[in-house]
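Colleague: Got a sequence here, can you build the structure:
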Amino acid sequence: MRLFHLNEQYEVLPEQETVMLVPEFKNLWELNYNKQTGDAQGRQRTRGKAELAYLYFYCDYRSEFSELTNSERKEEALNASGLDPNYKISETLLTAQKKYLKMQETRELKLLTSAYGVIDKLQIYFDAVEIRDGNSKSVIENLSKLGNVLNGLKKLEEQVRKQQRSDGKIRGDQEKGFLD
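Modeller: As a prediction, the model looks like this:
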């Protein structure tokens, strides 16, 4: 399911037939939510556009920032969407973020996310490890196994990317069925 598209000005905009049906996303597009200085009536939806762009950059697996750690991804997503690095995430935006992540979840993506969490922990471990006579052999053994782990992770990542790239369409522009 595609939730957003880019217009000619490279703005991230919601897909009307999908996003506006989801109350958590529709709330970001409401006039009252978008009222601010410079757009007193909220018709330009400046806040909504920026926050929807943030959601895409932060949450979407197809985003350019999907391989960054959570904190790095948040920082880059705020920057790319034109929001201040210290932007206060509203409860409405946080609710939409949780919904976006939940809508994308597949078993494969959950597994990949967990695997990346383990890789981040391994990085911390290897950054902190001190080699001594007693542990040098086990550290070297662990390092030698990393190639296989990373290759397996890349294969899983490619499977998830293929799954995420498919927009739910099959030949003839028909929707996939339950068992497709």
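Colleague: switch to C-alpha atoms for all contacts and neighbour counts from now on
Modeller: OK.
Colleague: what number of residues lie near S136?
Modeller: 13 (other CA atoms under 10 Å).
Colleague: who's in contact with the nearest residue in space to T18 that is not next to it in sequence?
Modeller: Take T18 and drop its neighbours on the chain: the residue closest to it by CA to CA, 6 or more residues apart in numbering is L3, 6.2 Å away. By CA atoms under 8 Å, 6 or more residues apart in numbering, L3 lies in contact with 14-15, 18-19.
Colleague: what's the answer for K35, then?
Modeller: Applying CA under 8 Å, 6+ apart, the residues contacting K35 are 41-43, 45.
Colleague: Weed out the non-buried ones from these.
Modeller: With burial judged by 16 or more other CA atoms under 10 Å, the buried subset of these is 42, 45.
Colleague: Check pLDDT for the contacts of K35 and point me to the minimum.
Modeller: Note: of these, the lowest pLDDT belongs to G42, at 82.
Colleague: tell me the two of the contacts of L3 that are most distant?
Modeller: Largest separation among those by CA to CA: P14 and T18, giving 8.0 Å.
Colleague: between these two, which one's more packed in?
Modeller: P14 (22 against 14).
Colleague: I'd like the distance between S144 and S136.
Modeller: 12 Å (CA to CA, to the nearest Å).
Colleague: leaving aside the residues next to it on the chain, what's closest to the residue nearest in space to the middle of the chain?
Modeller: Central residue of the chain (CA atoms, centre = their mean): C59, 2.3 Å from the mean position. Excluding its sequence neighbours, the residue lying closest to C59 (CA to CA, 6+ apart) is L101, at 6.0 Å.
Colleague: wait, is the one you found part of a strand?
Modeller: No: L101 is assigned helix when assessed by DSSP: H, G, I helix; E, B strand; the rest coil, not a strand.
Colleague: what about it, distance to N32?
Modeller: As judged by CA to CA, L101 and N32 stand 25 Å apart.
Colleague: How about A80?
Modeller: Relative to N32, and taking CA to CA, A80 is found at 24 Å.
Colleague: related to what we said a few turns ago, isn't the residue nearest to the centre of the chain right up against M103?
Modeller: No: counting by CA atoms under 8 Å, C59 does not reach M103; the two are 10.2 Å apart.
Colleague: What secondary structure category should be reported for the residue of the chain positioned farthest from its centre?
Modeller: Distance from the C-alpha centroid of the chain peaks at D133, with 42.7 Å (CA atoms, centre = their mean). With three-state DSSP as the basis, D133 sits in coil.
Colleague: residues contacting it?
Modeller: Contacts of D133 by CA under 8 Å, 6+ apart: none found.
Colleague: Alright, that wraps it up for me.
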